[in-house]
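Engineer: Okay, sequence plus prediction incoming.
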Amino acid sequence: MFNIPTQRLAKVTVTETTSAVTLSVNPIVEAALSFTPRHLVLRAEMQATSGNPNVYFRLNGDSGSNYNGQMLTGYGTTKAAGRDTSGTEFRLAGNIDDLSNAFTPSETLFPDALSTRTHKSALCQTGRLEEVVRVAAGRWASTAAITSVTIYVDSSTFAAGSTFELCVVDETFNIDEQILGSNGTTSVTSIAAADGDLVCIGNFRSTRSGLSDNMDFWLNGDTTPTNYSNQWIRGIGTAVAAAAINDNDTGVTVATTATTSAFSPYLAQVTNFSDGSNDRVITTLSGAIYDASNAQVKQGSIRWNNTSAVTGVEPRGTVSDPWLAGSMLSTYAVPKGLITRTELSGDASSVAFTSIPQTYDHLELTAYIRDNRSATSDDILMSLTPVGGSSDTTNANYDTQLLQASSTTVTAAQSAADRAIGNIPAASETANVFGALTITFYNYTKTDRHKHSLSVSGRAASASGMYIRSNRWENTAAIEAITLTPSAGTNFVAGTVVSLRGINSTVAAAVTDIETINGIASSDIEAIN
């Protein structure tokens, strides 16, 4: 998800059917980390034993009326927005399926999860086969630090093989952290050049007088709106909307009249932030649960009309700056777990990753990419290779559910025979404009399930688009190779950069590896808190 670097705290693989799984923040494991953790990530891949039960989760065992959320969903040809006002649990992840070999992936970020400064916010990305794709935002009305997450279904049970992981964001990749003790700005400067992406995780509240504020994302101190173009899609209440404008307003945040202690989650990925000589591109996901009645979730793609390397970032309120005290921003230079990186010095008909190590739990592919189709855009096709097999280019073996925004038009589409994984700029688009693509492959080595991935791609220039996909490859084999090709074009162009990284679910530290905590032998500790 957005190239976030993580270390695992806890993992459960279901071996017998169960209706609920609880993952805890183990203080002993937390104490053994080489850094102070800030954010949590919940990663799951789930199958039901029967039917299509809804997946819910609770924090710290709280079943009170303290949860609220906003969803944006595509299913079939229907695009929809909805509110989660049940109050007694998060309903961000939608439902799962009992189809043979089919597991539903879901990933949720909890910014500033381990502090007691604010209510806890969440951003979720999920997809059920080629039937549903969803992004969502939520707020838990508690300032308590998150100590556990319980995931359960409202009917049926989780099938054997379902996996659940609770992770911390790996702060060893952090290049800047800002936690505001008083009202102020969050501006990161003097970012060193590197091959890879920037990832920004924030938790914000605007000082604007009102319920809400939009968010800008400035690069290198450039605050001229017309130097940016963007495409966004949002769900607000039950309404779905989209827009393409010359501005960099793609985020949303709560403001001063929102519920006390409510803050907004924010996630941004600056793909290929300093390499090459083409325009920079940003993908964002944000949400704002203003009060019990009003909420919004928003996904966007920004192009900065500048070929300079990114040396500074500043997320800020559109109407009001500075942020309220308690707001925070963490900035990371990634990738973590890089397997290989391909940078094209000339045109190429494909980009392939072969002999992928089978030692990771999940894979994530990121691309900064453009092709030579004689049009403003083109689809990217993906073919997967099973271990010991050949590249599978049969469309009928691939399925997808798409939620798409193009200018002000929002559409949803479903296909049982489609290898498209993203949409990118092509030859007729403005010079130097590249698109961003991120694909997360879940449990790519397991042979008891079809391979499922979630992908996000965006482009913003003379023509713009935001594409959110849930993808399934109807094959239970482990993935050995991934190949990307243009759909209608013949080549990816020079300057294209594609990276593949592994996500390893190894526990941050085993309890038996920890000799002391605060100078006390671990063998002498009977209980913590």
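Structural biologist: Received the coordinates, thanks. Because the structure is a prediction, the values reported are computed rather than measured. Numbering: from 1, shown residues only.

Engineer: List phi and psi for Glu30.
Structural biologist: Glu30 has phi and psi values of phi -60, psi -40 when expressed as degrees, to the nearest 10.

Engineer: Who are the contact partners of Gly69?
Structural biologist: 83-84, 90-92, 122, 136-139, 289, 295 (C-beta atoms under 8 Å, 6 or more residues apart in numbering). For the C-beta atoms, the positions are set from N, CA and C on the backbone; glycine is no exception.

Engineer: Looking at these, which is nearest Leu338?
Structural biologist: Nearest to Leu338, judged by C-beta to C-beta, of these is Ala122 at 27.8 Å.

Engineer: Could you count how many residues lie near the closest residue in space to that closest one that isn't next to it in sequence?
Structural biologist: Excluding its sequence neighbours, the residue lying closest to Ala122 (C-beta to C-beta, 6 or more residues apart in numbering) is Gly138, at 4.1 Å. Using other C-beta atoms under 10 Å, Gly138 has 28 other residues around it.

Engineer: A helix includes Gly138, no?
Structural biologist: No. Counting by DSSP: H, G, I helix; E, B strand; the rest coil, Gly138 falls outside a helix, being strand.

Engineer: isn't it right next to Asp84, touching?
Structural biologist: Yes. Here Gly138 reaches Asp84: they are 6.7 Å apart, a contact under C-beta atoms under 8 Å.

Engineer: any common contacting residues for those two?
Structural biologist: Shared contacts of Gly138 and Asp84 (C-beta under 8 Å, 6+ apart): 67-70, 90, 92.

Engineer: quick revisit: min pLDDT across the contacts of Gly69, which one?
Structural biologist: When these are compared on pLDDT, Asp84 comes out least confident, at 87.

Engineer: Run a quick neighbour tally on that residue.
Structural biologist: Asp84 sits with 21 neighbouring residues when counted by other C-beta under 10 Å.

Engineer: State the distance from it to Ile421.
Structural biologist: 29 Å (C-beta to C-beta, to the nearest Å).

Engineer: got the contact list for Glu314?
Structural biologist: Glu314 sits next to 185-188, 217-218, 221 when contact means C-beta under 8 Å, 6+ apart.

Engineer: Quick one: buried ones out of those residues?
Structural biologist: Buried residues within the contacts of Glu314, counting neighbours by 16 or more other C-beta atoms under 10 Å: 186-188, 217-218.

Engineer: As a markdown table, those with secondary structure would be great.
Structural biologist: Output for the buried ones among the contacts of Glu314, formatted as a markdown table (three-state DSSP):
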| residue | secondary structure |
| --- | --- |
| Thr186 | coil |
| Ser187 | coil |
| Val188 | strand |
| Phe217 | strand |
| Trp218 | strand |
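
Engineer: about what we covered before: in strands only, show me the shared contacts of Gly138 and Asp84.
Structural biologist: Using DSSP state E, 67-70 are the members of the shared contacts of Gly138 and Asp84 that sit in strands.

Engineer: would CSV of the residues you listed with pLDDT and distance to Ala20 be doable?
Structural biologist: Formatted as CSV, the entries for those read as follows, by pLDDT from 0 to 100; distance: C-beta to C-beta, whole Å:
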residue, pLDDT, distance to Ala20
Tyr67, 96, 16
Asn68, 96, 22
Gly69, 96, 19
Gln70, 97, 25
